[in-house]
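Visitor: need coordinates for the below:
(chains A and B)
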Amino acid sequence: MTRTRAVRSIAWHLGALALLAVLLYPVVWVIGSSLKPNEEIVGSLQLLPPDPILDNYRRLADGIAGISVSTFFVNSLVLALGSVAGVVLSASLAAYAFARIRFTGRNALFTVMIGTLLLPYHVLIIPQYIMFQKAGFINTYVPLLLGKYLAVDAFFVFLIVQFMRGLPRELDEAARLDGCGHPRIYWNITLPLCRPALITSAIFTFIWAWNDFMGPLLYLNEPEKYPVSLGLKMFIDQDSIQDYGGMIAMSLVALLPVLLFFLVFQRYLVEGAATSGLKG
Amino acid sequence: MGLVALGLLASGCGSGDGGSGGKTEIRYSWWGAQHRADLIKKTIALFEKKHPDIKVKADFQEYEDFWKKFNTQAAGGNPPDVFQNSHAFLRKYDKKNVLLDLKPQVEQGNLKTDDFRNGLEKAGEVDGKLLGIPVGANTFGLFYNTEEYKKAGVTPKDGWTWKDYYAGIEKISKGSGKLAGDSGNASVMYLYDLVLRQQDKAFFTEDGLGFSKADLKKWWADNLRRTKAGHFTSPKKVQQARPKPALSGKLSAGEFSWDNFLVRYTSETDASIDLAPIPTTDGKRTGQYLSSLMLSGSARTKHRAEVAKFIDFMVHDPEVGKIMGYDRGVLATEPQFEAYRPKGVDKEIADYEERVKDRIEPITPHPAGADIVEAAFLRIGDEVLIGSTSVDDGVDKFFSEAETALGS
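Guide: Residues are numbered from 1 along each chain as shown, chains lettered A, B, ... in the order given. Here you go, the predicted model:
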């Protein structure tokens, strides 16, 4: 009895370790490659470099095409944190209306909002570009942030609505008896209780905004305004000398903020998703 | 609250356009990595010093991203005023009315078309319009690993034939046993183009394909046979090594490509790589032509004269030539070509172009849709070599895709 259990446990652990090895392999490859000289990166079969060098990281300190690497990071942070603030504020506000206020056309509007989730991004690219171009917002961060402040991300609105519907209405009613209107209830009662859902939205928004490539590519015309995702691509081009080493080193550095953000907030992530009725 | 925050952000970052003090501002975009950007920025600084009334805003991306962005901007009515272009895209974008006809600017004296090498000024002329000005030119060549060739006793010669070439490849593949003789050419459109030109045909005509299904069947079947015999590198290995080319990945002893790729090949491998002449069919014609990267203007630009002056400066100024070197191909005009003293790899490229100078033929512009055809040729050629598609099916598939793309 204990024997079969031990065998099962060993098999389970071995299986888990094998899976872990497969999952971690690309990460180890990237770390190993960042320590290799350029000509050994593509095509070399060794996972870890025989004699590791730090040249790739040193090159980062010199900046890319005359722009210091920290500029890209600051730009990315402005975009990512700006998006987080926008989404958390506007999505929760919209969600409050959908979850707590009865108004005519609420269900229809809710359906339309969910419907926007089905619209492929590529359909919107050109009309959106024309719109922002006519408004004179090209080469600013406005096209990348405006939507975030207008609750355009239906996914997060939906997430928070589901969460709010799970909150006891009695709290609202008690607050109303004490003389609170909707703004006070939203700000003092609902918002603090929604923390897990808000944090989930914040984490996803941060990661998506940090990794967004297409938006900044289309709307920004000056390398000085580029975020990290675009800066990474400056290292390579098919018909000139390629700097894979620099790109890989920078992508590792670029991973750190996302990783940190995730580590700090991850314990809320499960809570947020599990309690908002999204568990299926 | 959200709106307040947005207002702050907008005012913080929104000082994008609007030239200061009566300056004209033009936007200039190109594809390339940071090395090219460093060089171009120096040339822009030079231009701005000589034309204090014009300010140039620079922007660059990697090749594929460049065209993604460009297409969106062009569709949105906001393409850059000047941009790097390739000979292959002239008809495509002319058809969409994106390109500025530079002829009137030449007539007004803002842009000179003299002093170009080998009649290159003609390269941008399409259907009576002048749509691009070459900044540099390249021609196709055979890159080979000199040690492997030496070991097998193969010496590339001017005017050698395909028969000589394939005999040499066979020798190399059998000799050392390690490297195949050639990386495989089934999907290299530009090489097949040369082979066709040697037979008085061409890959593209004005508006369609310049060869028959039987021609392509022969080419692919021949390639497949040599791959199976081990004279060409196994296509699976070639794909595994990507993005590194098989030659610099030490999987083959030779590969056909544009001569400016020598810079890339030599930076990627410690093997000694050199350029050799393209094999011929009749001992004379290689079918080679000069292809070029160009500068084009946008049809929507509000500053046509400034755009023309900018292009003029970039292709004629000797200082610009000294800075750019052969980064975008061997310099297109005599003054720039003379001003730059090539060293190392650049010298080898210059020597090669000098050597094949007499074989250069005029270039024919590609029809609109050619880029889609090239992608299909690459994809289906690989499928045929790997064996997931038969030669006959592959040829049928390619012809039907090509005809759709070329809209005939």
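Visitor: and stretch B:362-373, anywhere near chain A?
Guide: No. Using Cβ under 8 Å from any Cβ of the partner chain, stretch B:362-373 stays clear of chain A, coming no nearer than 14.0 Å. The C-beta positions use only the backbone N, C-alpha and C, and glycine is treated the same way.
Visitor: start and end of that stretch, how far apart?
Guide: Distance across stretch B:362-373, first residue to last, is 22 Å (Cα to Cα, to the nearest Å).
Visitor: buried sites along it?
Guide: Counting neighbours by 16 or more other Cβ atoms under 10 Å in any protein chain shown, one finds that the buried residues in stretch B:362-373 are B:363-370, B:373.
Visitor: buried stuff in stretch A:242-255?
Guide: Quick answer for stretch A:242-255 (16+ other Cβ under 10 Å): A:242-250, A:252-254.
Visitor: among the buried residues of stretch B:362-373, which ones are in helices?
Guide: Among the buried residues of stretch B:362-373, the residues falling in helices (DSSP state H) are B:370, B:373.
Visitor: select, from the buried residues of stretch B:362-373, the two members most distant in space.
Guide: Farthest-apart pair in the buried residues of stretch B:362-373 is B:Ile363 and B:Gly369; separation 17.9 Å (Cβ to Cβ).
Visitor: where are the low-confidence patches of the stretch 1-150 of chain B?
Guide: Low-confidence segments of the stretch 1-150 of chain B (pLDDT under 70): B:1-22.
Visitor: all strands of it, in order?
Guide: With DSSP state E, counting those that start in this stretch as the criterion, the stretch 1-150 of chain B has strands at B:24-31, B:54-61, B:82-86, B:125-126, B:129-130, B:133-138, B:140-145.
Visitor: the stretch 101-250 of chain A too?
Guide: Assigned by DSSP E, counting those that start in this stretch, the strands in the stretch 101-250 of chain A number zero.
Visitor: flag every residue of it that's near chain B.
Guide: A:125-126, A:129-130, A:133, A:136-142, A:145-146, A:149-150, A:214, A:217-218, A:221-223, A:225, A:230, A:233-243.
Visitor: now, of the residues you listed, which are buried?
Guide: The neighbour-count test (16+ other Cβ under 10 Å) marks A:125-126, A:129, A:133, A:137-142, A:145-146, A:149, A:217-218, A:221, A:223, A:225, A:230, A:233-237, A:239-243 as buried among those.
Visitor: excluding chain neighbours, what is closest to A:Phe73?
Guide: Leaving aside its sequence neighbours, A:Phe73 sits nearest to A:Val228 (Cβ to Cβ, 6 or more residues apart in numbering or on different chains; 6.0 Å).
Visitor: counting neighbours, what do you get for the one you found?
Guide: With neighbours defined by other Cβ atoms under 10 Å in any protein chain shown, the count for A:Val228 comes to 27.
Visitor: again with B:Lys150
Guide: So B:Lys150, with other Cβ under 10 Å, has 11 neighbours.
Visitor: quick check: next helix or strand after the lowest-mean-pLDDT helix or strand in chain A?
Guide: Lowest on mean pLDDT, DSSP states H and E among the helices and strands of chain A sits helix A:38-41, with a mean of 76. On the C-terminal side of helix A:38-41, the nearest following helix or strand under DSSP states H and E is helix A:55-61.
Visitor: report all helices and strands that that next one contacts.
Guide: Other elements packing on helix A:55-61 under the criterion 3 or more Cβ pairs under 8 Å, 6 or more residues apart in numbering or on different chains; DSSP states H and E are helix A:244-274.
Visitor: next one: the helix it packs on to chain centre, how far?
Guide: Centroid separation for helix A:244-274 versus its chain: 9 Å, with Cα atoms, centre = their mean, to the nearest Å.
Visitor: give me the mean pLDDT for that helix.
Guide: If you average the pLDDT over helix A:244-274, you get 81.
Visitor: domain parsing for chain B?
Guide: B:24-135+B:291-350, B:140-289+B:364-406 (automatic domain parsing).
Visitor: for A:Val74, find the nearest of these.
Guide: Among these, domain B:24-135+B:291-350 sits nearest to A:Val74 (Cβ to Cβ), with 18.8 Å.
Visitor: now the terminal residues of the closest one, how far apart.
Guide: 37 Å.
Visitor: likewise for stretch B:240-248?
Guide: Taking Cα to Cα as the measure, stretch B:240-248 stretches 13 Å from start to finish.
Visitor: can you show me the CA trace of the least confident helix or strand of chain A as CSV?
Guide: Provided in CSV are the C-alpha atoms of helix A:38-41 (Å, rounded to 0.1, in the frame of the first residue of the first chain):
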residue,chain,number,x,y,z
ASN,A,38,26.9,37.5,-31.2
GLU,A,39,28.2,35.0,-33.7
GLU,A,40,27.5,32.0,-31.4
ILE,A,41,23.9,32.8,-30.6
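Visitor: report the separation between B:Leu100 and B:Ala45.
Guide: From B:Leu100 across to B:Ala45, the span is 24 Å (Cβ to Cβ, to the nearest Å).
Visitor: of the two, who's got more company?
Guide: Just comparing B:Leu100 and B:Ala45: by other Cβ under 10 Å the higher neighbour count belongs to B:Leu100, 24 against 11.
Visitor: excluding sequence neighbours, find me the nearest residue to that one.
Guide: Residue nearest to B:Leu100 in three dimensions, not counting chain neighbours: B:Gly297, with 3.4 Å by Cβ to Cβ, 6+ apart.
Visitor: and the one you found, which of the three is it?
Guide: strand (DSSP: H, G, I helix; E, B strand; the rest coil).
Visitor: for it, name its beta-bridge partners.
Guide: Beta bridges link B:Gly297 to B:Val82 when assigned by DSSP bridges.
Visitor: make sure it is actually in contact with B:Asp81.
Guide: Yes. Using Cβ atoms under 8 Å, B:Gly297 is in contact with B:Asp81, at 6.5 Å.
Visitor: now do the helix or strand encompassing B:Val238: which elements does it pack against?
Guide: Using DSSP H and E, B:Val238 sits in helix B:235-241. With contacts taken as 3+ Cβ pairs under 8 Å, 6+ apart, helix B:235-241 sits against helix B:370-386.
Visitor: and the next element down the chain from the helix it packs on?
Guide: Taking DSSP H and E, what comes next after helix B:370-386 is helix B:391-406.
Visitor: about what we covered before: could you list every helix and strand in contact with the helix or strand following the helix holding B:Val238?
Guide: Next along the chain after helix B:235-241, taking DSSP H and E as the criterion, comes strand B:254-258. Counting contacts by 3+ Cβ pairs under 8 Å, 6+ apart, strand B:254-258 packs against strand B:140-145, helix B:189-198.
Visitor: all good on my end, thank you.
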